[in-house]
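Peer 1: Quick one, fold the following:
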Amino acid sequence: METSIQVLKKYFGYDSFRAGQQKIIDSILGGSDTFAVMPTGAGKSICYQVPAMLFSGITIVISPLISLMKDQVDTLSSIGIPASFINSSLSNMEVQNRIERAARGDYKLIYVAPERFEAGSFLELTRSLCISFIAIDEAHCVSQWGHDFRPGYRNIPGFIESIKSNPVVGAFTATATENVRIDVINLLKLKNPNVFVTGFNRENLTFSVIRDENKTDFLLKYINNNKGKSGIIYAATRKEVDNLHSILTKKGFLVGKYHAGMNEKDRIENQDDFIYDNKHIIIATNAFGMGIDKSNVRYVIHYNMPRNIESYYQEAGRAGRDGEASECILLFSAQDVFIQKFLLEQTLLNPDRKNNEYKKLQNMVDYCHTDRCLRQYILKYFGEENVPDNCGNCSSCNNDIDLADVTQEAKMVFSCILRMKQRFGIGLVGEVLKGSKNKKVLELGFNSLSTYGLLKTYNLKQIKDLINVFIAENYLSLTEGEFPVVRLTEKGISVLKLEEKVFQRITKHNVKVNTDNGLFEVLRSLRKEIAEKEKVPPYIIFADSAINEMCKYLPKDEEQLSKIKGVGEIKLKKYGEVFINAIKDYAGSSASEPAIPAETEEIKSHIETYNMLQNGMPLEQISKERNLKMLTVQDHIIRCAAEGYKVDWSLFIKPGHEEIILNAVNDIGSSKLKPIKEALPPQIDYMEIKSVICKHKL
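Peer 2: Here you go, the predicted model:
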């Protein structure tokens, strides 16, 4: 009698099983119901295909997609294993014919869609079969708490109970949390099953999250650098798939597309072109990929964030199934969250399931914002313990990083949330911290809070990102639902009690500054226009580094532009005026006064302080970085204001104090501060008085 290892060698050509496969197969062949959780690419199929060849009767494989069935059957037939499938692509006559052939012993495996078990006629046909084993693939689909619930899976237990031969049952999935695993076992009525979780780690995959970059530019650059390699690009909507397909096709790439809005013929043709390497790239919605055994996918790029970690890991796992090094890249923008919320609202009606999906969506958002090891985040999500803090193979661990103390910013955020009674979402908290004059902020009276405008030197997106990082690191939590409320955790409260400090990991070579991407696009377009007229490459006009500095410092005249790195005399004469005008036109009257790029040796101390403030650094951090007293830092900023630089006065003047100070100055005069201070309430300090005098040029 053949053994499992002999079957493996004979049909599949391997001398040994991968980690975990042998134990699962032994459990099934020993007659025990078995539940196996194995990541995509770990070899689930072999765990039911090998036992199928050793059981005397038929194995029924329950599978959710027609494409998966066809792919598996074609593969098995090519290696000499007799298999067939039954699904909606067949007529009733063809279904009956295949059942009769199975009863005669022509097939060892039959793939069946779960929806088949709704039909009494089909159940009657299966009574003629000697069924030894039932393998349920994508078993998480039975649970409404899983990421891909299929109602048809609920018919499976009734089908199993109707089989007199009492077959062994095996359930398989790539992605299931502990709660989903328990649910699957109960719903499928597995009898004292042996449960195997082989581990979710795919060591050959490199995980990266790219935030706030131009996605199309990144994609084009990446594909150019990886020509000839097979890759999948996932997008959230059909429209996005069509748009990206058009862009890449026009650029000359051999690329296919796949989504549910295409006719079946075109989908199959595009899928086959990808599988047979006629086209190296396919752009798809999550409708693509289930059961596709293409082993040489070198990269999977998510152009939009998926709805949950389960979907992401399953789709990303289609890279590197041959064990070779491959990349999984997620391009994130805040708009992705709105897209997923919209899709969620359109597709789910059950309120409990909807809340569960919102919770999973937040876990996905946290993954995109965490500054810790991405692999660790995924593995812990699926319940793995004792996971190293540094995998050495993700964008967090590969980057050269520093730890920045953001305790002060954290306390500002946490205090603001408390003062808002922990009843509002990230957006409104950010507006209050920014010092926004948003209608809702004013109506609710939040402009009178002591935390109003504490982070005014940050832009709103930076504040929201900071809050999201605190959520990802469990200092804050969000309630479930479409409009989640942000609240403090015990960990966050301990920061306010001065029991814990907060650190943020900062990538040394990619520190974010207040560079305006919109302005970058304007200047880059201008550069391209000039380059086309002069028939030279755009970088000959100005390098990207020079454009980035212009966006950072916003030079308003030729003297300031001349201090930008890469702007020499000739370029200043040729292009200075047109670039300065473009910056002024973009910035408009609302633009804040730029910092002057320093000539390192000659920089004045107060201007250096001002530059640090303009680049988003809080006053407390400037004091620490420059080893200056807080009063000195404040004095530097006021001195810059006196020299004509714009200053955010809410940093120095508390709400309600300005009018009181003005009245005192009008009565006493501004030549001496002491008499003014003595006439004012004790909570008003000298710095506020100096600020009001400077602001109003008194």
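
Peer 1: How many neighbouring residues does the closest residue to residue 194 other than its chain neighbours have?
Peer 2: Counting by C-beta to C-beta, 6 or more residues apart in numbering, residue 27 is the residue found nearest to residue 194 once chain neighbours are left out, at 4.4 Å. Using the backbone N, CA and C atoms, a C-beta is placed for each residue, glycine as well. Using other C-beta atoms under 10 Å, residue 27 is surrounded by 22 other residues.

Peer 1: Next one: residue 27 relative to residue 175, how far apart?
Peer 2: Residue 27 sits at a distance of 21 Å from residue 175 (criterion: C-beta to C-beta, to the nearest Å).

Peer 1: Then residue 535?
Peer 2: Applying C-beta to C-beta, the value for residue 535 to residue 175 is 53 Å.

Peer 1: Mind listing what's buried along stretch 441-451?
Peer 2: In terms of neighbour count (16 or more other C-beta atoms under 10 Å), stretch 441-451 has its buried residues at 441, 444, 446-447, 449, 451.

Peer 1: my bad, stretch 350-362
Peer 2: Under the neighbour-count criterion of 16+ other C-beta under 10 Å, stretch 350-362 has 354, 356-362 buried.

Peer 1: rewinding a little: which member of the buried residues of stretch 441-451 is positioned nearest residue 630?
Peer 2: Nearest to residue 630, judged by C-beta to C-beta, of the buried residues of stretch 441-451 is residue 451 at 18.6 Å.

Peer 1: Setting the sequence-adjacent residues aside, check what's closest to that closest one.
Peer 2: The shortest distance from residue 451 to any non-neighbouring residue, by C-beta to C-beta, 6+ apart, is to residue 416 (3.8 Å).

Peer 1: Tell me, how many residues neighbour that neighbour?
Peer 2: 24.

Peer 1: That one falls within a helix, correct?
Peer 2: Yes - according to DSSP: H, G, I helix; E, B strand; the rest coil, the state of residue 416 is that of a helix.

Peer 1: Next, the contact list for it, please.
Peer 2: 429, 432-433, 449, 451, 454 (C-beta atoms under 8 Å, 6 or more residues apart in numbering).

Peer 1: What separation do you get for it and residue 525?
Peer 2: Distance of residue 416 to residue 525, given as C-beta to C-beta: 39 Å.

Peer 1: Residue 479 touches residue 485, doesn't it?
Peer 2: Yes - counting by C-beta atoms under 8 Å, residue 485 is a contact partner of residue 479 at 4.6 Å.

Peer 1: Tell me which of these two has more neighbours.
Peer 2: More neighbours surround residue 485 than the other of residue 479 and residue 485, with 19 against 16 (other C-beta under 10 Å).

Peer 1: Residue 53: how many residues sit nearby?
Peer 2: 20.

Peer 1: So which residue is smack in the middle of this protein?
Peer 2: Central residue of the chain (C-alpha atoms, centre = their mean): residue 368, 3.7 Å from the mean position.

Peer 1: Show me the beta-bridge partners of the residue nearest to that one when sequence neighbours are not counted.
Peer 2: Closest residue in space to residue 368, ignoring its immediate chain neighbours: residue 332 at 4.3 Å, by C-beta to C-beta, 6+ apart. Under DSSP bridges, the beta-bridge partners of residue 332 are residue 211.

Peer 1: More neighbours: residue 535 and residue 175, which one.
Peer 2: Ranked by neighbour count (other C-beta under 10 Å), residue 535 and residue 175 place residue 175 first, with 27 against 7.

Peer 1: quick revisit: need the contact list for the residue nearest to the centre of the chain.
Peer 2: So residue 368 contacts 209, 211, 305, 330, 332 (C-beta under 8 Å, 6+ apart).

Peer 1: Looking at the residues you listed, which is nearest residue 521?
Peer 2: Nearest to residue 521 among the contacts of residue 368 is residue 211, at 17.5 Å by C-beta to C-beta.

Peer 1: Quick check: that closest one touching residue 333?
Peer 2: Yes - using C-beta under 8 Å, residue 211 makes contact with residue 333 at a distance of 7.5 Å.

Peer 1: Tell me which of these two has more neighbours.
Peer 2: Legend: neighbour count by other C-beta under 10 Å for residue 211 and residue 333, higher for residue 333 (18 against 14).

Peer 1: mind checking how far that one is from residue 213?
Peer 2: To residue 213, residue 333 is 9 Å away according to C-beta to C-beta.

Peer 1: still on that earlier bit, pull the most distant pair out of the contacts of residue 368.
Peer 2: Using C-beta to C-beta, the pair of those lying farthest apart is 211 and 305, separated by 10.3 Å.

Peer 1: And residue 109, its phi and psi?
Peer 2: phi -130, psi 140 (degrees, to the nearest 10).

Peer 1: Just give me the neighbour total for the nearest residue in space to it that is not next to it in sequence.
Peer 2: Excluding its sequence neighbours, the residue lying closest to residue 109 (C-beta to C-beta, 6+ apart) is residue 83, at 4.2 Å. As a burial measure, residue 83 scores 22 neighbours (other C-beta under 10 Å).

Peer 1: Wait, residue 83 touches residue 102, no?
Peer 2: No - Residue 83 is beyond contact range of residue 102, at 10.0 Å (criterion: C-beta under 8 Å).

Peer 1: shared neighbours of these two, anything?
Peer 2: Taking C-beta under 8 Å, 6+ apart as the contact rule, residue 83 and residue 102 both touch residue 110.
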